[in-house]
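Colleague: The sequence and its predicted three-dimensional model are supplied below.
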Amino acid sequence: MSIIKTIENLEAWLTDADHRNRTLGLVPTMGYLHEGHCSLIRAAKADNDLVVVSVFVNPTQFAPGEDFESYPRNIERDYELAVDSGADIVFNPEAGEIYVQGASTAVEVSGEITKKLCGASRPTHFKGVTTVVNILFNIVRPDKAYFGQKDAQQALIIKKMVRDLHMPVEVIVCPIVREKDGLAMSSRNIYLGPEERKQAVCLNCGLQKALEYLNSGSDDSRSVRKLIEVIENHIKGQDLAIIDYVRILDGETLEEITDIEPGKTALAAVAVKFGKTRLIDNRVLSVEVR
Ligand SMILES: Nc1ncnc2c1ncn2[C@@H]1O[C@H](COP(=O)(O)OP(=O)(O)OP(=O)(O)O)[C@@H](O)[C@H]1O
Ligand SMILES: CC(C)(CO)[C@@H](O)C(=O)[O-]
Ligand code: BAL
């Protein structure tokens, strides 16, 4: 088994007598795999006969000045980790393989869902994501595709795209895998210096404090404004943390809400910069029924 680089070789593998008519799971990644990715691969292997892991640092989802060039890459290590976690193949194409010469077609989900949160900070990002995910779906034709809740907005957008376009694939969203101290695993965590790494737990701790406040029974415990203040105050306690956003929005549509309503879910989402490293994290908030 080896790393497949071309669509032609991937197609040959997919249509091989041993692989035809088997259920297929796809785990799209940008590589530099960690336990978060491995959990998606294991979930895919549990549900499907075959698992394809794609490793592709997609240029179209990075804006000029973002970290496309410096994004960490190590395909040999990725291959080992993917296979150990249950992948049958790793698809690692060059950009010219994914984007045909002269390509000028994009897939874009419009509306609030793509404009808020990371869509506000990175206005061209999600168009790049939905376009490449579409291309990967067309090439691999999976029955199921696996995404992480760490990128909660991305998961909601991809689900919406699949629903809106009647795409024949089931989107599965898997829980956030964290380091022992609670920091959400991310390939970008390696950019952090030692002091930044220590302080980076504030994303998770701030979100946890909001969840605790929500269920504290205080008069204003369901107020979005108050809960945002709880998160912001905690993050601001770290001198190296620069808040990009702290928002609490409707958990499905990402529309504005003022209170967490019983029976509904809200998404508390944060993006925080440490130097040039931008980290994201989130919590689904719902009121405990007592
Ligand atoms: N800690 C995690 N737990 C669960 N899933 C994760 C985690 N980190 C990433 N994923 C998921 O893995 C998939 C591939 O993500 P990606 O390769 O961008 O990794 P990443 O660690 O999120 O990198 P980045 O530094 O770009 O945020 C996405 O669906 C993402 O949500
Ligand atoms: C889904 C994805 C692989 C598309 O490039 C990327 O956005 C990611 O790794 O989350
Ligand atoms: N997982 C998110 C990919 C990105 O930041 O481009």
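Modeller: Arrived safely. Ligands and ions are numbered 1, 2, ... in the order given.
Colleague: drop to CA atoms for contacts and neighbour counts, all remaining ones
Modeller: Fine.
Colleague: tell me which residues in stretch 85-100 are buried?
Modeller: For stretch 85-100, a neighbour-count test (16 or more other CA atoms under 10 Å) marks 85-93, 98-99 as buried.
Colleague: how about it against ligand 2, any contact?
Modeller: No: shown here: stretch 85-100 not in contact with ligand 2 (CA under 6 Å from any ligand atom), separated by at least 11.3 Å.
Colleague: Can I get that stretch in CSV, CA atoms only?
Modeller: Provided in CSV are the C-alpha atoms of stretch 85-100 (Å, rounded to 0.1, in the frame of the first residue of the first chain):
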residue,chain,number,x,y,z
SER,A,85,-5.8,4.3,12.7
GLY,A,86,-7.5,2.2,10.1
ALA,A,87,-7.1,4.1,6.8
ASP,A,88,-7.0,2.0,3.7
ILE,A,89,-5.3,4.6,1.5
VAL,A,90,-4.0,8.1,1.9
PHE,A,91,-4.8,10.4,-1.1
ASN,A,92,-2.2,13.2,-1.2
PRO,A,93,-2.6,15.1,-4.5
GLU,A,94,-0.7,18.2,-5.8
ALA,A,95,-2.8,21.3,-6.2
GLY,A,96,-2.7,20.9,-10.0
GLU,A,97,-4.4,17.5,-9.7
ILE,A,98,-7.3,19.0,-7.7
TYR,A,99,-7.7,22.2,-9.6
VAL,A,100,-7.7,21.6,-13.4
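Colleague: just checking, which of the buried residues of stretch 85-100 belong to helices?
Modeller: 85, 98 (DSSP state H).
Colleague: Close to ligand 1 as well: tell me which of the buried residues of stretch 85-100 qualify.
Modeller: Within the buried residues of stretch 85-100, nothing lies near ligand 1 by CA under 6 Å from any ligand atom.
Colleague: Rebuild the buried residues of stretch 85-100 as JSON lines, extending it with distance to Y213.
Modeller: JSON lines is the format used below for the buried residues of stretch 85-100 (distance: CA to CA, whole Å):
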{"residue": "S85", "distance to Y213": "37"}
{"residue": "G86", "distance to Y213": "40"}
{"residue": "A87", "distance to Y213": "41"}
{"residue": "D88", "distance to Y213": "44"}
{"residue": "I89", "distance to Y213": "45"}
{"residue": "V90", "distance to Y213": "43"}
{"residue": "F91", "distance to Y213": "44"}
{"residue": "N92", "distance to Y213": "44"}
{"residue": "P93", "distance to Y213": "46"}
{"residue": "I98", "distance to Y213": "46"}
{"residue": "Y99", "distance to Y213": "47"}
